[in-house]
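1. Structure for this input, please:
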Amino acid sequence: RFHPDRGWGFVELNGVDIMVHVNDCKPEDVELFTGGQPQVGDTVSFEIEPRKDNPEHMQAKRVIGGTDERCCNTKGKGQVTPVQGTGQFSGVVKAFN
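-> Next up is the predicted model:
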């Protein structure tokens with residue numbers, strides 16, 4: 001499940017939990033940085049990379065397909081530049097904190 005105050009959760013990929021952070025989710029409106037946040041049950045497309053703080057675990061990057069309104073708007077909290085992903089993988093959102 002997604003906890004919007006924290007901005008992260010998990011997507012299941014072939015029985016493995018993949019961490020996803022709201023900063024890695026493509027917003028629906030790039031200029032206003034709104035929408036695109038995953039919610040439980042969404043099927044999203046993403047790429048995976050090893051987590052920087054724990055390389056044995058994977059993290060979803062360039063996530064597309066979240067249907068919830070963005071509760072953790074990061075506008076003004078650093079440089080976040082959304083990029084178009086390839087949708088190499090897809091999975092169902094299991095939890096989002």
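2. V40 is in contact with V93, isn't it?
-> Yes: shown here, V40 and V93 form a contact pair, counting by C-beta atoms under 8 Å, at 5.5 Å. No exception for glycine: its C-beta is placed from N, CA and C like everyone else's.
3. Compare neighbour counts for those two and give me the winner.
-> Between V40 and V93, counted using other C-beta atoms under 10 Å, the more crowded position is V93 (26 against 14).
4. contacting residues for that one?
-> Residues near V93 by C-beta atoms under 8 Å, 6 or more residues apart in numbering: 2, 9-11, 20, 38-44, 66.
5. For it, list each beta-bridge partner.
-> V11 (DSSP bridges).
6. Give me the pLDDT value at F2.
-> pLDDT, F2: 54.
7. just the one 3 residues further on next, same as before
-> At D5, the model reports a pLDDT of 66.
8. Same check on Q39?
-> 84.
9. What sits closest to H57 if chain neighbours are left out?
-> Distances taken as C-beta to C-beta, 6 or more residues apart in numbering place R51 nearest to H57, at 5.0 Å, with adjacent residues excluded.
10. Can you give me the neighbour number for the one you found?
-> When neighbours are counted by other C-beta under 10 Å, R51 comes out with 14.
11. measure it to K61 for me?
-> From R51 across to K61, the span is 10 Å (C-beta to C-beta, to the nearest Å).
12. helix/strand/coil for N23?
-> Here N23 is recorded as helix under DSSP: H, G, I helix; E, B strand; the rest coil.
13. would you list every one of the strands in this structure?
-> Taking DSSP state E, the strands of the chain run over residues 8-13, 16-21, 43-50, 58-64, 89-96.
14. and the angle from the worst-scoring helix or strand of the chain on mean pLDDT to strand 8-13?
-> In the chain, the helix or strand scored least confidently by mean pLDDT, DSSP states H and E is strand 89-96, which has a mean of 72. Taking axes from the mean of the first three to the mean of the last three C-alpha atoms, to 10 degrees, one finds that strand 89-96 is oriented at 140 degrees with respect to strand 8-13.
15. got the CA coordinates for strand 89-96 in PDB?
-> In PDB, the C-alpha atoms belonging to strand 89-96 read as follows (Å, rounded to 0.1, in the frame of the first residue of the first chain):
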ATOM      1  CA  PHE A  89       9.300  -4.300 -17.100                       C
ATOM      2  CA  SER A  90       5.800  -4.100 -15.800                       C
ATOM      3  CA  GLY A  91       4.300  -5.100 -12.500                       C
ATOM      4  CA  VAL A  92       1.400  -4.500 -10.100                       C
ATOM      5  CA  VAL A  93       1.800  -2.100  -7.300                       C
ATOM      6  CA  LYS A  94       1.800  -4.100  -4.100                       C
ATOM      7  CA  ALA A  95       2.400  -1.400  -1.600                       C
ATOM      8  CA  PHE A  96       3.200   2.300  -1.700                       C
END
